[in-house]
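J.: sequence-free structure coming up:
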């Protein structure tokens, strides 16, 4: 289904209201007289189109949060995941996949461990990122760090926990859509920096199906599209968790990951987010 630009929707709404106001101001004075007004049934209160549209968008977002687990979802402090991840280049796989472990402490700490030995890690804390190998930690390449920070800023968790409650974020309900071959309802959020995120939710259970956003490359000035598809939801500790996530870049698959396990609010060792702590996952109790 073709989607209208949210800015266009807003502009049309404002134009319609302006035309209505102009028509009222030039109407026949006799029609506006108290006598005529008293002889007609007063119309009920009507909300401006853009306000009603925003209310529908907020209602759908609230339904999605409830579907994900409500307060249990919103109260997640940390998360652990294990599974297998696959990388792609221009839509073609570049490997047979590798094992990964992910540890997240909201709002801004992440640790990824790779290979069966878990001897390669990426650690993100605040706006800094490091790669850790047997040679020790070293700063992430600037492009890789920038890409990660962008994805975190537009992550589903950030949008549903932060953007939704920000009064400067505009909400646009865009109605029916098709996402990942599913019937969906679509909402777009635009923040004060004119950055937008579009979310598609299943029409039946209201769980997120797809997230997309665009950004302009500072070098070639081209606009890029990033998308994520969520599927195979399972309930973990009262939280609906997608066990399959696929990421696309300009229409081509860029990454795909499948979970074997997930858990929440187990408490994480702060040392794992310090690249200089010497943290070794193979020496920790209860290692997988």
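T.: Ah, there it is. Predicted, not measured: the structure shown is a model, and the values here were computed from it.

J.: All the helices of the stretch 1-150 of the chain, residue numbers only.
T.: 6-25, 34-39, 49-68, 71-74, 142-153 (DSSP state H, counting those that start in this stretch).

J.: Likewise for the stretch 151-288 of the chain?
T.: 156-161.

J.: who touches residue 222 in this structure?
T.: residue 216 (Cβ atoms under 8 Å, 6 or more residues apart in numbering). Backbone N, C-alpha and C define where each C-beta goes, glycine included.

J.: any idea how far it is from residue 255?
T.: Distance, residue 222 to residue 255, using Cβ to Cβ, to the nearest Å: 21 Å.

J.: try residue 80
T.: 19 Å.

J.: between the two, which one's more packed in?
T.: residue 80 (18 against 14; other Cβ atoms under 10 Å).

J.: Let me see the contact set for the closest residue to that one other than its chain neighbours.
T.: Leaving aside its sequence neighbours, residue 80 sits nearest to residue 263 (Cβ to Cβ, 6 or more residues apart in numbering; 4.9 Å). By Cβ under 8 Å, 6+ apart, the contact list for residue 263 reads 79, 80, 236, 237.

J.: and the residues you listed, which are buried?
T.: With burial judged by 16 or more other Cβ atoms under 10 Å, the buried subset of the contacts of residue 263 is 79, 80, 236.

J.: quick check, nearest of the residues you listed to residue 149?
T.: residue 79 (18.4 Å; Cβ to Cβ).

J.: Can you show me the strands along this structure?
T.: Applying DSSP state E to the chain gives strands spanning 78-89, 92-93, 98-105, 109-114, 120-125, 128-133, 136-139, 170-179, 182-190, 196-202, 208-216, 223-236, 239-249, 252-264.

J.: Would you mind listing the buried residues in the last one?
T.: Taking 16+ other Cβ under 10 Å as the neighbour-count basis, strand 252-264 is seen to contain the buried residues 253, 254, 256, 257, 259, 262, 264.

J.: Dump those residues to TSV, plus pLDDT.
T.: As requested, these are exported to TSV (pLDDT from 0 to 100):
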residue	pLDDT
253	95
254	95
256	96
257	96
259	98
262	98
264	98
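
J.: Which one of the residues you listed is nearest to residue 96?
T.: For the buried residues of strand 252-264, the nearest to residue 96 is residue 256 (12.3 Å; Cβ to Cβ).

J.: Wait, the closest one touches residue 86, no?
T.: Yes: using Cβ atoms under 8 Å, residue 256 makes contact with residue 86 at a distance of 4.7 Å.

J.: Go through the strands of the chain and name the closest to residue 146.
T.: Across the strands of the chain, closest to residue 146 is strand 128-133 (Cβ to Cβ), at 9.4 Å.

J.: just to revisit the earlier point, kindly report which one of the strands of the chain carries the lowest mean pLDDT.
T.: Mean pLDDT is lowest for strand 92-93 out of the strands of the chain, coming in at a mean of 80.

J.: what does that strand contact?
T.: Contacts of strand 92-93 (Cβ under 8 Å, 6+ apart): 86, 87.

J.: What pairs with that strand, parallel or antiparallel?
T.: Here strand 92-93 is paired, per DSSP bridges, with strand 78-89 (antiparallel).

J.: Can you give me the buried ones in the partner strand?
T.: Result for strand 78-89 [16+ other Cβ under 10 Å]: buried residues 79, 80, 81, 82, 83, 85, 86, 88.

J.: Please apply the same query to stretch 187-196.
T.: Buried residues in stretch 187-196 (16+ other Cβ under 10 Å): 187, 188, 189, 190, 191, 195, 196.
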